[in-house]
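>>> Sequence first, then the predicted structure:
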Amino acid sequence: QRDPEDFITYRLHPKPFCLFFHESAQFVSCDPLRETRIVLDELSGGFQVRMSYRSGWPDGLDLANVLGESAPREVKSGMTLAGPHRADVDLRINGQSCAATLSRGQAKVLASALMLAQADAIADTGRRKAIFLIDDIGAELDAKHRKRLLEALLRRSCQVLATAVEPPEADALARCRDTA
């Protein structure tokens, strides 16, 4: 039986942006910023986002050592201080946090771009396509952006289960039926 610490370090990957396929114990690296920019241009045709990754431990230090050294402080404070679960992605536009800058519609476009970029990365492996579950697909989006999102989903030939307060435009619905 494997030591739990070995299991944790065995599963970690040194590159911050990668996808892990459990069945084959295989990492697939991707460049989420490049892929997100491509999809963001597809959806918005507009704003530029700067994305940076912050690991959950100090740069340049070995995670196993950091975990070992922080264990006494973690026990004393009753919370974890370092590890992959403390990692974060910082999204900025014009130097300001996206959370503070974007409208709700822009935030939905950005979130959709991140999900579509992830789906593209998974599809690029040739293993499988994404399934999207979207609640109120049109909420916060004007007609132009709603159409762009639907078209982006159609181009990916993925399965989409979505709810909507308003029915989609007739031409989008017809294209969905044609691809089914």
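It's in.

>>> which helices and strands sit right next to the helix or strand harbouring residue 99?
Here residue 99 sits within helix 98-101, counting by DSSP states H and E. Secondary-structure packing of helix 98-101 (3 or more CB pairs under 8 Å, 6 or more residues apart in numbering; DSSP states H and E): strand 88-93, helix 104-124. For glycine as for every other residue, the C-beta is placed from the backbone atoms N, C-alpha and C.

>>> Would you mind finding the most buried of those?
helix 104-124 (a mean of 18; mean count of other CB atoms under 10 Å).

>>> In terms of mean pLDDT, which of the helices and strands packed on helix 98-101 ranks lowest?
Lowest mean pLDDT of the helices and strands packed on helix 98-101: strand 88-93, a mean of 85.

>>> Paired strands for it, with orientation please.
strand 50-54 (antiparallel), strand 96-97 (antiparallel) (DSSP bridges).

>>> which residues touch it?
The list of residues contacting strand 88-93 from outside it, by CB atoms under 8 Å, 6 or more residues apart in numbering, reads 47-54, 56, 97-99, 101-102, 110.

>>> Going by distance to residue 65, which of those residues wins?
When those are compared for distance to residue 65 (CB to CB), residue 56 wins out at 13.9 Å.

>>> out of everything not next to it in sequence, what's closest to that closest one?
residue 86 (3.0 Å; CB to CB, 6 or more residues apart in numbering).

>>> neighbours around the one you found, how many?
The tally of other residues near residue 86 (other CB atoms under 10 Å) stands at 12.

>>> quick revisit: right, so of the strands paired with strand 88-93, which gets closest to residue 43?
So among the strands paired with strand 88-93, strand 50-54 is nearest, using CB to CB, at 15.6 Å.

>>> chain center to that closest one, what's the gap?
Remark: strand 50-54 is offset 12 Å from the chain centroid, using CA atoms, centre = their mean, to the nearest Å.
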